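Student: Sequence and predicted structure are below.
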Amino acid sequence: MTDRVIFLGGLGRSGTTLLERLLGELPGVVPLGEVVHLWARGVVAGELCGCGEAFPQCPFWREVGERAFGGWSRELAERVLRLRHRVDRTRRIPAVGHPDLAEYVAAYRSVYAAALQVAGGAAVVDSSKHASLAFCLAAGGVQPHVVHVVRDPRAVAHSWRRTVPRPEDGSHMTRWGAMRTSLHWSAQNLALDLLAARGVEVTRVRYEDLLADPHATLTGLAERLGLDTSLGFLDGTTVSLGRAHTVSGNPMRFAVGQVELSHDDAWRGGLPAVQRAVVSGLTAPLMTRYGYRGAAA
Ligand SMILES: [Zn+2]
């Protein structure tokens with residue numbers, strides 16, 4: 001039986017962590033965080049799980065590791081990281097016939113299957129974001145349903161310019177300038193569009209639509225994904241979030257309790273005109289494709 005895998009793709013700061021938390025409240029859905037970072041940040045570095053425990057101490061992940069691999073080990077993590085370096089890179093997306101692909105994908109498949117067993121769920125969510133991993137999974141026979149999360153590149157660029165502390169270790173998250181963000185935004189989104197052209201099931205969600213009408217957007221998405229559409233955790237724009245055992249992701253993954261969903265459009269006042277022009281110029285074709293208005297907006 002094929003495990004049901006929902007893969008959230010998109011450039012960082014596009015709302016993938018938020019969407020994962022919301023999907024994770026649906027019955028039978030098991031949110032895992034960014035599984036691509038499980039090996040280095042979870043197993044090797046022992047960073048925090050979304051539940052607040054360090055990864056090695058988290059009972060959920062401990063049991064998943066036992067079932068999937070007879071326990072986590074640095075050797076296993078380093079092996080997967082070496083495989084990742086060989087097969088899972090954006091510039092190698094077309095090279096899906098790599099001899100190491102099957103072993104690399106098998107590691108993810110084992111994690112997904114064990115997580116479903118431990119949590120007693122029907123579908124896992126992997127919010128790894130990178131299109132290259134989605135390509136690997138698809139080529140390796142996992143058949144993920146990819147949810148392509150898109151956000152206005154000017155908002156994304158504004159977010160990448162800001163200093164954001166990492167709750168895991170107090171260091172700061174990476175910062176990018178407008179040009180770099182634009183290039184990454186275009187590359188990731190084009191690659192995710194290409195997945196659909198290759199026959200992978202891809203559903204696109206705009207961050208702005210999710211925030212404008214969370215109920216309608218989540219209901220539509222849950223139906224597309226074949227999930228239970230009970231949205232009892234959502235009241236208008238307020239959500240009640242439980243604990244989630246997510247490895248890696250933005251600080252939103254630690255939020256628990258009542259959370260108010262608010263549309264962050266600080267870029268409108270905060271992103272300088274020159275940067276705005278750079279972003280709009282470099283991303284114009286895709287902005288139009290996704291329904292974002294250009295320079296006049
Ligand atoms: Zn945990």
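Tutor: All right, it came through fine.

Student: going forward, measure contacts and count neighbours with C-alpha atoms only.
Tutor: OK.

Student: From residue 120, how far off is residue 30?
Tutor: 9 Å (C-alpha to C-alpha, to the nearest Å).

Student: what do the two both touch?
Tutor: Among the neighbours of residue 30, none is also in contact with residue 120 (C-alpha atoms under 8 Å, 6 or more residues apart in numbering).

Student: And the two? Which one has more around it.
Tutor: Legend: neighbour count by other C-alpha atoms under 10 Å for residue 30 and residue 120, higher for residue 30 (29 against 12).

Student: quick one: buried residues of the helix or strand where residue 102 lies?
Tutor: Using DSSP states H and E, residue 102 sits within helix 101-119. For helix 101-119, a neighbour-count test (16 or more other C-alpha atoms under 10 Å) marks 101-102, 104-109, 111-116, 119 as buried.

Student: again, but for stretch 241-252
Tutor: For stretch 241-252, by 16+ other C-alpha under 10 Å, it's 241-250.

Student: any idea where the strands of the stretch 101-250 of the chain begin and end?
Tutor: 123-129, 145-150, 202-206, 234-235, 238-241 (DSSP state E, counting those that start in this stretch).

Student: Next up, the contacts around the residue of the chain found nearest the ion.
Tutor: Closest to the ion within the chain is residue 245: 3.9 Å, counting by C-alpha to the ion. Neighbour list for residue 245: 31-33, 49-51, 60-61 [criterion: C-alpha under 8 Å, 6+ apart].

Student: Now with 7 Å, please.
Tutor: Shown in contact with residue 245 (C-alpha atoms under 7 Å, 6 or more residues apart in numbering): 32, 49-51.

Student: Same question for residue 42.
Tutor: Counting by C-alpha under 7 Å, 6+ apart, residue 42 has contacts 55, 247.

Student: near the ion, which residues of the stretch 51-200 of the chain?
Tutor: Taking C-alpha under 5 Å from the ion as the contact definition, the stretch 51-200 of the chain meets the ion at 51, 58.

Student: and if we set it to 6 Å?
Tutor: Neighbours of the ion within the stretch 51-200 of the chain, by C-alpha under 6 Å from the ion: 51, 53, 58, 60.

Student: Not counting its neighbours along the chain, what's nearest the third one?
Tutor: Spelled out, it's residue 58. Spatially, and ignoring its direct neighbours in sequence, residue 58 is nearest to residue 49 (6.9 Å; C-alpha to C-alpha, 6 or more residues apart in numbering).

Student: That neighbour pairs with what?
Tutor: In this entry, residue 49 is beta-bridged to residue 247, by DSSP bridges.

Student: Do a quick rundown of the helices in the stretch 51-200 of the chain.
Tutor: Secondary structure of the stretch 51-200 of the chain (DSSP state H, counting those that start in this stretch): helices at 59-69, 74-87, 101-119, 131-139, 153-161, 178-197.

Student: quick revisit: packing partners of the helix holding residue 102?
Tutor: On a contact count with 3 or more C-alpha pairs under 7 Å, 6 or more residues apart in numbering; DSSP states H and E, helix 101-119 meets helix 59-69, helix 74-87, strand 123-129, helix 131-139.

Student: In CSV, list the strands of the stretch 101-250 of the chain along with mean pLDDT.
Tutor: As requested, those are arranged in CSV below (pLDDT from 0 to 100):
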stretch, mean pLDDT
strand 123-129, 97
strand 145-150, 97
strand 202-206, 97
strand 234-235, 94
strand 238-241, 95
